[in-house]
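Asker: coordinates only, sequence not included:
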């Protein structure tokens, strides 16, 4: 009986429409960003390659795809620094333990809480931002805010092919949609590090 439904993505709107809800009453809002906090920044190649991710680090953010990809990158490019900007959750600890078991010299850093106004500065330390989300109905329906923020800064991105952002960012040259496969995801990140 709702007069309208606001959705975070076109994909979520599409799924509501599939239930028979009137498409004209569905309004995707997507996520914006604060341009003052995330200014477009020219990126230069870093002496030490760095891969960054920021957020809440929930289970769906850092699952088997992330573990495999980070392990493969750390083994192939041991000089790579991995920076996790956000609270050190149990999920981050589990990822670190699994990665370090397979790649003991992996360089992993979790910053702990960083005020939102300081996130962009920390993101600028990296050569590529990653979004290695697992496939689920929830992740496909999301309009992932970190992708918007990475893109706003001009930071190259490698993401799994999440439907909620893939359509919107598909023609963006700084965004590479990989596969829901850790090995391929690692190859794509290395490709971006090699060719920023």
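Answerer: Yep, it's here. What you see is a predicted model; the values in this text were computed from it and never measured.

Asker: for stretch 56-74, buried residues please.
Answerer: 57, 61-63, 65-74 (16 or more other C-beta atoms under 10 Å). All C-beta atoms are positioned from the backbone trio N, CA, C, and that covers glycine.

Asker: please narrow those to those residing in helices.
Answerer: 65-74 (DSSP state H).

Asker: now these as JSON lines including pLDDT?
Answerer: Formatted as JSON lines, those follow (pLDDT from 0 to 100):
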{"residue": "65", "pLDDT": "97"}
{"residue": "66", "pLDDT": "97"}
{"residue": "67", "pLDDT": "98"}
{"residue": "68", "pLDDT": "98"}
{"residue": "69", "pLDDT": "98"}
{"residue": "70", "pLDDT": "98"}
{"residue": "71", "pLDDT": "98"}
{"residue": "72", "pLDDT": "98"}
{"residue": "73", "pLDDT": "98"}
{"residue": "74", "pLDDT": "98"}
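
Asker: which residue comes closest to the residue nearest in space to the middle of the chain once chain neighbours are left out?
Answerer: By C-alpha atoms, centre = their mean, the chain has its centre lying nearest to residue 131, at 2.3 Å. Distance criterion C-beta to C-beta, 6 or more residues apart in numbering; nearest residue to residue 131, sequence neighbours excluded, is residue 159 at 3.8 Å.

Asker: phi, psi for the one you found please.
Answerer: Main-chain torsions, residue 159, degrees, to the nearest 10: phi -130, psi 150.

Asker: ok, now the one 3 residues further on?
Answerer: Recorded main-chain torsions at residue 162 are phi -80, psi 130, according to degrees, to the nearest 10.

Asker: do residue 7 as well
Answerer: Backbone torsions for residue 7, taken as degrees, to the nearest 10, come to phi -120, psi 160.

Asker: check the gap between it and residue 115 for me.
Answerer: Residue 7 sits 29 Å away from residue 115, taking C-beta to C-beta, to the nearest Å as the criterion.

Asker: just the helices in the protein please.
Answerer: 10-18, 64-76, 90-102, 116-123, 137-141, 145-153, 163-169, 182-194.

Asker: looking at those, which is nearest to residue 48?
Answerer: helix 182-194 (10.6 Å; C-beta to C-beta).

Asker: got the angle for the closest one vs helix 64-76?
Answerer: Interaxial angle of helix 182-194 relative to helix 64-76 (axes from the mean of the first three to the mean of the last three C-alpha atoms, to 10 degrees): 50 degrees.

Asker: what is helix 182-194 packed up against?
Answerer: When contacts are defined as 3 or more C-beta pairs under 8 Å, 6 or more residues apart in numbering; DSSP states H and E, helix 182-194 sits against helix 64-76, strand 128-131, strand 157-159, strand 175-177.

Asker: redo the ones you listed as a markdown table? Include distance to residue 36.
Answerer: Below are the helices and strands packed on helix 182-194 laid out as a markdown table (distance: least, C-beta to C-beta, whole Å):
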| stretch | distance to residue 36 |
| --- | --- |
| helix 64-76 | 30 |
| strand 128-131 | 20 |
| strand 157-159 | 21 |
| strand 175-177 | 23 |
